[in-house]
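K.L.:
following is a predicted model, sequence given first.
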Amino acid sequence: MFTTQLKALQKNRTFKYGVPMLLLVVGGSFGLREFSQIRYDEQKLKRKLDPALKAKVNMEKQSAMLEDEYEKLKEKNLNEWKNIRGPRPWEDSKAYQEQKRSRQNKD
């Protein structure tokens, strides 16, 4: 009795092709979830730094950068500057520059 039912199920197309397909889809989604979770966990580990080391690195970078920028600004004369508009994307830059130079020469 049991063997006849089993043979009937083996001949059934839905059971023969549908069930393995369903198992593949459902099992695949669980497998992909696990593999993608491993990927994101690895990215978190790579980004982590020791908090004390992170603070030390950032403070050193900031102070060096600020001092360099301060030295650059100290050398420049900020009282004598002109605001010059650059060419827009639809304007020809060479023609625009020539036009600006001719206006400056007139002044």
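P.N.:
Nice, I can see it.
K.L.:
need phi/psi at residue 89.
P.N.:
phi -60, psi -30 (degrees, to the nearest 10).
K.L.:
count of residues packed around it?
P.N.:
5 (other CB atoms under 10 Å). For the C-beta atoms, the positions are set from N, CA and C on the backbone; glycine is no exception.
K.L.:
for it, give its distance to residue 96.
P.N.:
11 Å (CB to CB, to the nearest Å).
K.L.:
checking residue 81 next. Helix, strand or coil?
P.N.:
coil (DSSP: H, G, I helix; E, B strand; the rest coil).
K.L.:
now it. Its backbone dihedrals?
P.N.:
phi -130, psi 160.
K.L.:
who's in contact with the residue nearest in space to the middle of the chain?
P.N.:
Centroid-nearest residue in the chain: residue 43, 13.1 Å away (criterion: CA atoms, centre = their mean). Neighbouring residues of residue 43 by CB atoms under 8 Å, 6 or more residues apart in numbering: there are none.
K.L.:
please begin residue numbering at 552 from this point
P.N.:
That works, and once the first residue is 552, the last one we named lands at residue 594.
K.L.:
okay, buried residues for the host helix or strand of it please.
P.N.:
According to DSSP states H and E, residue 594 maps onto helix 570-598. By neighbour count on 16 or more other CB atoms under 10 Å, the buried set for helix 570-598 is empty.
K.L.:
CA-only coordinates of stretch 557-567 in PDB, if you can.
P.N.:
What follows is stretch 557-567 as a C-alpha-only set of coordinates in PDB (Å, rounded to 0.1, in the frame of the first residue of the first chain):
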ATOM      1  CA  LEU A 557       5.100   6.300  -3.300                       C
ATOM      2  CA  LYS A 558       5.100   5.200  -6.900                       C
ATOM      3  CA  ALA A 559       2.100   7.400  -7.600                       C
ATOM      4  CA  LEU A 560       3.800  10.400  -6.100                       C
ATOM      5  CA  GLN A 561       6.900   9.700  -8.200                       C
ATOM      6  CA  LYS A 562       4.800   9.800 -11.300                       C
ATOM      7  CA  ASN A 563       3.000  13.000 -10.300                       C
ATOM      8  CA  ARG A 564       4.600  16.000 -12.200                       C
ATOM      9  CA  THR A 565       3.800  18.500  -9.400                       C
ATOM     10  CA  PHE A 566       5.500  16.500  -6.800                       C
ATOM     11  CA  LYS A 567       8.400  15.500  -9.100                       C
END
